[in-house]
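Q: Structure for the following, please:
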Amino acid sequence: MTPASATDPAVTAPAAGARTLAHPARGEIRLESVLHALSDPVRLCVVRELAAADDELTCSRFDLPVTKSTSTHHFRVLRESGIVQQIYRGTAKMNGLRREDLEALFPGLLDRVLEAANLQADRLEAG
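A: Numbers count the residues shown, from 1 in each chain. Have a look, this model is predicted:
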């Protein structure tokens, strides 16, 4: 997925009538925000699914145990923290991990968090 800085309105003006969402530029992403966003089980589930898909997914692709408005909130937290980038494609809102940006800022963090989350999920499933 393209870093938000490449689609930042200050860098590239959106097409007339295009819907855009605010994303932090790479340099604005803060570790505290990333860790806070990843600390919620629902948001961590979204990040795990995006990482496993290794591609953009629509919001409706996720089967989350929360209401639609709460789901919207979780996606907003992930976007505003700099973990995901959301782009409208027609009527669909596509979500993709900002893996390149996160790796440049916090080398290995996302991979270690995903590894730990997967180990925890396996442990809890084995019960």
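Q: phi, psi of Glu103?
A: Torsion angles at Glu103 (phi, psi; degrees, to the nearest 10) stand at phi -70, psi -40.
Q: Skipping adjacent residues, who's closest to it in space?
A: Counting by C-beta to C-beta, 6 or more residues apart in numbering, Glu103 lies nearest to Leu110, which is 6.7 Å off, once chain neighbours are set aside. C-beta: built from backbone N, CA, C; applies to glycine.
Q: I'd say the one you found and Asp101 touch.
A: No - counting by C-beta atoms under 8 Å, Leu110 stays clear of Asp101, with 9.9 Å between them.
Q: quick one, which of these two is more surrounded?
A: Asp101 (24 against 20; other C-beta atoms under 10 Å).
Q: and the gap between the more buried one and Gln85?
A: Distance, Asp101 to Gln85, using C-beta to C-beta, to the nearest Å: 9 Å.
Q: and if you look at Leu110?
A: Distance from Leu110 to Gln85, counting by C-beta to C-beta: 14 Å.
Q: ok, now Asp122?
A: 29 Å.
Q: Looking at the two, which has the bigger crowd around it?
A: For the pair Asp122 and Gln85, the greater number of neighbours falls to Gln85 (22 against 9), based on other C-beta under 10 Å.
Q: That one belongs to a strand?
A: Yes - the assignment for Gln85 is a strand, going by DSSP: H, G, I helix; E, B strand; the rest coil.
Q: what are the bridge partners for it, then?
A: Taking DSSP bridges as the rule, Gln85 bridges to Gly96.
Q: pretty sure it contacts Lys93?
A: No - between Gln85 and Lys93 there is no contact under C-beta under 8 Å: 10.7 Å.
Q: Quick check: which ranges of the chain have low pLDDT?
A: Along the chain, segments meeting pLDDT under 70 span 1-18.
Q: From Leu102, how far out is Arg79?
A: 13 Å.
Q: If you could redo that for Glu125, that was the one I meant.
A: Between Glu125 and Leu102 the distance is 27 Å, computed by C-beta to C-beta.
Q: One more: Gln86?
A: 15 Å.
Q: So which residue is smack in the middle of this structure?
A: Centrality entry for the chain: nearest residue to the mean C-alpha point is Val84, 2.4 Å, by C-alpha atoms, centre = their mean.
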